[in-house]
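*Asks:* Provided below for reference: sequence and predicted model.
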There are 2 protein chains.
Amino acid sequence: MLRRGFLALGTAAGLMAGGAGAFAQVDPLPSWNDGAPKKAILDFVSRTTAAGGADFVPVDQRIATFDNDGTLWTEQPVYFQFAFAIDRVKALAPQHPDWKDREPFKSALASDIAGVVASGEKGLLEIMAVTHTGMPVEAFSRIASEWIATAQHPRFKRPYVELVYQPMLELMTFLRANRFKTFIVSGGGVEFMRPWTEKVYGIPPEQVVGSSGVVKFELRDGKPVLIKEPEVEFIDDGPGKPVGINRFIGRRPVFAFGNSDGDQQMLEYTAGGEGLRFMGLVHHTDAAREYAYDRQSHIGRLDKALDEAIQRRWTVVDMKADWNTIYPFEKK
Amino acid sequence: MLRRGFLALGTAAGLMAGGAGAFAQVDPLPSWNDGAPKKAILDFVSRTTAAGGADFVPVDQRIATFDNDGTLWTEQPVYFQFAFAIDRVKALAPQHPDWKDREPFKSALASDIAGVVASGEKGLLEIMAVTHTGMPVEAFSRIASEWIATAQHPRFKRPYVELVYQPMLELMTFLRANRFKTFIVSGGGVEFMRPWTEKVYGIPPEQVVGSSGVVKFELRDGKPVLIKEPEVEFIDDGPGKPVGINRFIGRRPVFAFGNSDGDQQMLEYTAGGEGLRFMGLVHHTDAAREYAYDRQSHIGRLDKALDEAIQRRWTVVDMKADWNTIYPFEKK
């Protein structure tokens, strides 16, 4: 696969950049234009990994957390997990003839996203319940894997996993080459992400933190299974992100990247530790190559966190100006 | 430190055993006597890592989970975390003059464990609340680290972390050398274990699954902190163990080791997957070198799980017969 090829290339470049001076000319972040964000990243990694330096961070404290939707991959025109849920409603509809006359299913079957959203939280939870629960965790994992391997993004006509950001792949590879551990800390469902994050991002399932529903241990026909229940357990968004970080990772990050107000507390928590810290936001400014949205968007709203980032001089990536490549497939 | 030295030795031995045939004579499990458990472990690792073999397990599925208390370290005469809580009550007592006349604190201050236990669940929760909550997670981590570095076991007169089982250190090293990922899945508090598991077991904080209390994100004097609240969030015991495994690890283990009825569901869940599986129990049979207890014990009771293990031919380690060394310090 093309994308795997780029990941492999990225790894080699990152290792060289993290290694001896002989390879110092190799740019570990080739998709980043020269500018403040690239300089800030290189500077941070250089200072935190310089043994004996004032800003040195021991390896076991090199924790880097990344939001997923809008930070590592695209989140428009709707969160990809939402597109998955709509597709699942369509796949399950033949077993539920009543859905064609009943909201929120009627709108979902007509691909009328506005209609689904108009059904409110109750409607959305109903869609999540029928598409994400009532089955063993391993069955859900198979369904999510199948969808991610076959479904296509409506605008780019490509599998969703190809809509990951090449500059962020390079960044994560660069960090790992410098012995940072990379984690996803996403508002998305943890069981939706885990089947593919290792292949796509190089992040194994136990390094993925996300929202989750209640899961119950049961014996079914004498076989032990874990059943996904239609009840929310944990929302890994806003103040939930530092809580999730503590629960799953157990250390305060020294490096965090997000793109929306839902990442604000994660960035604040990261900033609140001792020593040198890196806080970054992806600002979606490129309608031609991706999407442009911020303060007014219903998805990935970036408003209060943008104000705080500007005021506290956190790194704000201007996607249009700072990234010469957005998606891996552009490099073909 | 002596223990670190043994860990380093263990690593080298493990790597060699996992490597080429030229080193095949090096025993990766020198503290295990020849016998059924050792044979079962070597056989399992050999079959699951033989590329092209019928029982081959891909690297990303090589998940091994270990209970902690009584499986990786001693749990008598009381769980070590309970000894920590009692010591904390004593340390905090000067600020609480009323404790000397009030249960369960009165018993705790007199080191009267039976008295504390007699105070029931309410009393135990009260002790946990005053010793484990009401502070930022990082403050608790420091307190736990200090205690673990200084407190001594009443019988062995050694730091608690020296009461880890040398055969299990060798086993985990051997598994990791064969590209298994090792996880702790313990009924103990996750924040009590994480400060020291990497140094002692080679298991980083994010690979430690345990019980936890509610944690809340707050701004204190404008600084973002996570405060430990006196409310139970998750009990990682019994049926909670497979739930915790799914939540934190996201995959079904192929290898699991426990020592009590609290591990039964973890072992059943492990056994319930496809392909070759390993389920093991440590049976405490050595009163001279450690402790001997099983069906009647108030701590680490092994009764129903032992019956199931015998019936299903899981591996049961007879500590006295199967381990020639129990603690690393015996090897001095």
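*Replies:* The structure has been received and is ready for your questions.
*Asks:* burial of residue A:91, as a residue count?
*Replies:* By other CB atoms under 10 Å in any protein chain shown, 12 other residues sit near residue A:91. Bear in mind the C-beta positions are built from the backbone N, C-alpha and C, glycine included.
*Asks:* contacting residues around the residue in the stretch 51-200 of chain A that chain B sits nearest to?
*Replies:* Proximity of the stretch 51-200 of chain A to chain B (CB to the nearest CB) peaks at residue A:194, 4.5 Å away. By CB atoms under 8 Å, 6 or more residues apart in numbering or on different chains, the residues touching residue A:194 are A:141, A:205, A:208, B:250.
*Asks:* do that again at 6 Å, thanks
*Replies:* Counting by CB atoms under 6 Å, 6 or more residues apart in numbering or on different chains, residue A:194 makes contact with A:205, A:208, B:250.
*Asks:* so how many other residues sit close to the closest residue to residue A:219 other than its chain neighbours?
*Replies:* Using CB to CB, 6 or more residues apart in numbering or on different chains and skipping the chain neighbours, the partner closest in space to residue A:219 is residue A:225 (7.6 Å). Applying other CB under 10 Å, we find 20 residues neighbouring residue A:225.
*Asks:* the residue nearest to residue A:282 when sequence neighbours are not counted and residue A:247, how far apart?
*Replies:* Nearest residue to residue A:282 in three dimensions, chain neighbours excluded: residue A:259, at 4.1 Å (CB to CB, 6+ apart). According to CB to CB, to the nearest Å, residue A:259 and residue A:247 sit 22 Å apart.
*Asks:* between these two, which one's more packed in?
*Replies:* residue A:259 (28 against 22).
*Asks:* can you pull the contacts of that one?
*Replies:* By CB under 6 Å, 6+ apart, the neighbours of residue A:259 are A:70, A:71, A:281, A:282, A:300.
*Asks:* pretty sure the first one contacts residue A:302?
*Replies:* No - Residue A:70 sits out of contact with residue A:302 when judged by CB atoms under 6 Å, with a separation of 8.5 Å.
*Asks:* what's the overlap in contacts for these two?
*Replies:* What both residue A:70 and residue A:302 touch, as defined by CB under 6 Å, 6+ apart, is the set residue A:260.
*Asks:* give me the spatial nearest neighbour of the residue most central in space within chain A, chain neighbours excluded.
*Replies:* In chain A, the centroid-proximal residue (CA atoms, centre = their mean) is residue A:68; its distance is 0.9 Å. Sequence neighbours aside, residue A:186 is the residue nearest to residue A:68 in space, at 3.7 Å (criterion: CB to CB, 6+ apart).
*Asks:* what helix or strand does the one you found sit in?
*Replies:* Take DSSP states H and E as the rule and residue A:186 turns out to sit in strand A:181-189.
*Asks:* and that strand, how far out from the chain's middle?
*Replies:* 6 Å (CA atoms, centre = their mean, to the nearest Å).
*Asks:* pLDDT averaged over it, what's the number?
*Replies:* The pLDDT scores in strand A:181-189 average 98.
*Asks:* what do you get for stretch A:248-264?
*Replies:* What stretch A:248-264 shows for mean pLDDT is 98.
*Asks:* please compute how far it lies from its chain's middle.
*Replies:* Remark: stretch A:248-264 is offset 11 Å from the chain centroid, using CA atoms, centre = their mean.
*Asks:* what sits against residue A:266?
*Replies:* Going by CB under 6 Å, 6+ apart, residue A:266 touches A:241, A:242, A:256.
*Asks:* quick one: contacts for the closest residue to it other than its chain neighbours?
*Replies:* Nearest residue to residue A:266 in three dimensions, chain neighbours excluded: residue A:241, at 3.9 Å (CB to CB, 6+ apart). Contacts for residue A:241 (CB under 6 Å, 6+ apart) come out as A:185, A:265, A:266.
*Asks:* redo the residues you listed as JSON lines? Include distance to residue B:131.
*Replies:* Shown next, in JSON lines, are the contacts of residue A:241 (distance: CB to CB, whole Å):
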{"residue": "A:185", "distance to residue B:131": "29"}
{"residue": "A:265", "distance to residue B:131": "28"}
{"residue": "A:266", "distance to residue B:131": "29"}
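*Asks:* between those, which is nearest residue B:152?
*Replies:* Taking CB to CB as the measure, residue B:152 sits nearest to residue A:185 out of the contacts of residue A:241, at 38.9 Å.
*Asks:* what distance separates the start and the end of stretch A:49-60?
*Replies:* 12 Å (CA to CA, to the nearest Å).
*Asks:* and that stretch, what's buried?
*Replies:* By neighbour count on 16 or more other CB atoms under 10 Å in any protein chain shown, the buried set for stretch A:49-60 is A:49, A:57.
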